[in-house]
Structure formats: C-alpha cells, structure tokens
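**Student:** attaching a predicted model along with its sequence, questions to come.
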Amino acid sequence: MEQRTARLTLLIDPKKKSIFDELCAKEDVTASQKVRQFIRDYIEQQLGPDWQNSVLVGDDETKDIKR
C-alpha cells in the first residue's frame, strides 16, 4: 500500500455520486477505495502488470512513464 497520499478533487453530478455511493456500500468499500482501485486498474491497463517496478523507484522518486 502507498505510504504517502495526495488529494484528488473532482466534480460529479450529485445523482451519479449517490448511485456510486450506494453501489460501493453494496461491495462494502468506500468511494475512495473504489476510485483508488479504478486508478490502479487504469495504470496497469496502460503500463502493464509490472508497472510498479517500471515506474516507481524508492519512496519518492519516479522514472519517466513509458508510452
């Protein structure tokens, strides 16, 4: 799990947020947990399953993202 955090603020239609919250509750996860999962899945889709080894170095250094 990541040791540091950064805040991501986004705007969403209130009705969609309500539905999203309800669906997350059915999975017993928070909206934040689900969004972090979406982000991890997207990164893996774009960079492959070994993305952490190829992108992250040490605690706070990053390599260039390969595209």
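**Tutor:** Arrived safely, thanks for sending. Numbers count the residues shown, from 1 in each chain.

**Student:** could you use CA atoms for every contact and neighbour count after this?
**Tutor:** Will do.

**Student:** which residues of the chain fall in strands?
**Tutor:** For the chain, applying DSSP state E gives strands covering 56-57, 61-62.

**Student:** quick check: mean pLDDT across the first one?
**Tutor:** For strand 56-57, the mean per-residue pLDDT is 64.

**Student:** and what of stretch 6-17?
**Tutor:** So the average pLDDT for stretch 6-17 ends up being 95.

**Student:** pull the distance from it to the chain's centre.
**Tutor:** 14 Å (Cα atoms, centre = their mean, to the nearest Å).

**Student:** for that stretch, how far is the first residue from the last?
**Tutor:** 21 Å (Cα to Cα, to the nearest Å).

**Student:** try stretch 23-32
**Tutor:** 13 Å.

**Student:** contacts for that stretch, please.
**Tutor:** For stretch 23-32, contacts defined as Cα atoms under 8 Å, 6 or more residues apart in numbering pick out Phe20, Asp21, Lys34.

**Student:** which of those tops the neighbour count?
**Tutor:** Asp21 (17 neighbours; other Cα atoms under 10 Å).

**Student:** show me which residues of the lengthiest helix in the chain are buried.
**Tutor:** Using DSSP state H, we find that the single longest helix of the chain is helix 31-47. Buried residues in helix 31-47, counted by 16 or more other Cα atoms under 10 Å: Ala31, Leu47.

**Student:** mind checking how far that helix is from the chain centre?
**Tutor:** That offset, for helix 31-47, works out to 4 Å (Cα atoms, centre = their mean).

**Student:** most remote residue from this structure's center?
**Tutor:** Relative to the C-alpha centroid of the chain, counting by Cα atoms, centre = their mean, Lys15 is the outermost residue, at 21.8 Å.

**Student:** so it versus Asp21, what's the distance?
**Tutor:** 10 Å.

**Student:** likewise Gln3?
**Tutor:** Counting by Cα to Cα, the gap from Gln3 to Asp21 is 25 Å.

**Student:** next one: Pro14
**Tutor:** Counting by Cα to Cα, the gap from Pro14 to Asp21 is 10 Å.
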